[in-house]
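Q: Need a 3D model of the following:
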Amino acid sequence: MIDIDQKTYTTQDGNSVIVLTPTGRLDITTAWQFRLKLQECISKLSRHVVVNLGQVNFIDSSGLTSLVAGMRDADKVKGSFRICNVHPEAKLVFEVTMMDTVFEIFETEQEALEGVPRSIAS
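A: Numbering: from 1, shown residues only. The predicted structure follows:
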């Protein structure tokens, strides 16, 4: 069982952004729960999601897969999917798998909330 804190922010332009902060390990035993949570948030609450990984000290391939799936879900509905505050021990996984080039990764939650979506910036 993975504990996932959920908050909703409203941006200056009136969009709601869901911030999910899972705690513990994002691995084969918990990734499916996280995946379902992402799906539910994107389909029912907001197409804009920030995942704060500050409390996740371990991610394996199934954890990464759940994040990729969330990003695809958000893309399908023209939303945004951002990751912030990656735990130092989990950062390596993103770098080794080159996933740090796939995701929009921000240092802090505040930056992720303020960050300009790549599609608009480019």
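
Q: When you work out contacts or count neighbours from here on, use the C-alpha atoms and nothing else.
A: Noted.

Q: For the lengthiest strand in the chain, which strands pair with it and how are they oriented?
A: Ranked by number of residues, the top strand in the chain under DSSP state E is strand 16-26. Note on strand 16-26: by DSSP bridges, its sheet partners are strand 3-10 (antiparallel), strand 48-52 (parallel), strand 56-59 (parallel).

Q: Nearest spatial neighbour of residue 77, chain-adjacent residues omitted?
A: Among residues not flanking residue 77 along the chain, residue 47 sits closest, at 6.5 Å (Cα to Cα, 6 or more residues apart in numbering).

Q: Sorry, wrong one. I was asking about residue 24.
A: Per Cα to Cα, 6+ apart, closest to residue 24 is residue 56, 4.8 Å.

Q: I'd like to know how far that neighbour sits from residue 111.
A: Residue 56 sits 19 Å away from residue 111 when distances are taken as Cα to Cα, to the nearest Å.

Q: Among these two, which residue is more densely surrounded?
A: A direct count of neighbours by other Cα atoms under 10 Å for residue 56 and residue 111 places residue 56 higher, at 19 against 13.

Q: And the more buried one, what's its pLDDT?
A: Model confidence at residue 56, given as pLDDT, is 96.

Q: Now do the buried residues in stretch 65-83.
A: Residues 65-71, 73-74, 79-83 are the ones in stretch 65-83 that count as buried (16 or more other Cα atoms under 10 Å).

Q: Mind listing residues that contact that stretch?
A: With Cα atoms under 8 Å, 6 or more residues apart in numbering as the test, stretch 65-83 has contacts from 31-32, 34-35, 38-39, 42, 47-53, 103-106, 112, 117.
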